[in-house]
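Participant: using only what follows, build the 3D model:
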Amino acid sequence: MKVNIIIPVFNNTKEEIRNVLLSLEDQCYKDFTVTIVFDGDKENFKHVQETYYNNEKCILPFPLFIELLSENVGACKARNYGATISNNALCPNTGNFLGGQILFFIDADCEIRSGMLR
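Facilitator: Model (predicted):
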C-alpha cells in the first residue's frame, strides 16, 4: 500500500524541516511519497527547492512534492490541500501519480521514530 505523507510548513526553521525529512529516510517501509505544503512560507519554500532539488530532480531517496500557498491559511487547510494535491499530482521525479491508499500527517517540527512506517 502506498502512503502519502503530508507536511504543512509555516514559519518553521530550516533545521526542523531538515530533521523531519531525515527522519523519513530512516523508515523500514519505503513505498511512500512526501508532500510539503508551505503555508505562505516563501522563504522556506525557496530553501527546500535549492537544497533538495538538483535540476528539478529531488535528491532525497523518496519522491518529494512541494507546493507553495500564496497566503497563510492555517494548518488544517494546508493539510487538506496537501491531501487533495497528493492524490492528483504527478511526481516530479518519475511522472507517476503520487496518489496512495493511506494519508499520514506530520508537522514540520516533529520527527518520526526509525521504523515507524512498516
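Participant: in a helix, residue 87, correct?
Facilitator: Yes. Assigned with DSSP: H, G, I helix; E, B strand; the rest coil, residue 87 falls within a helix.
Participant: how near is it to residue 103?
Facilitator: According to CB to CB, to the nearest Å, residue 87 and residue 103 sit 9 Å apart. C-beta: built from backbone N, CA, C; applies to glycine.
Participant: now the common contact residues for the two.
Facilitator: Residues touching both residue 87 and residue 103 (CB atoms under 8 Å, 6 or more residues apart in numbering) are residue 4.
Participant: next one, pLDDT for residue 111 please.
Facilitator: Here, the pLDDT recorded for residue 111 equals 92.
Participant: what's the closest non-adjacent residue to it?
Facilitator: Here the nearest residue to residue 111 in space, its sequence neighbours aside, is residue 23; by CB to CB, 6 or more residues apart in numbering that works out to 3.8 Å.
Participant: dump the residue contacts of the one you found.
Facilitator: Taking CB under 8 Å, 6+ apart, we find residue 23 in contact with 111, 112, 113, 114.
Participant: kindly report the same for residue 16.
Facilitator: When contacts are counted by CB under 8 Å, 6+ apart, residue 16 touches 108, 109.
Participant: related to what we said a few turns ago, got the phi and psi for the residue nearest to residue 111?
Facilitator: Residue 23 adopts backbone torsions of phi -70, psi -30, taken as degrees, to the nearest 10.
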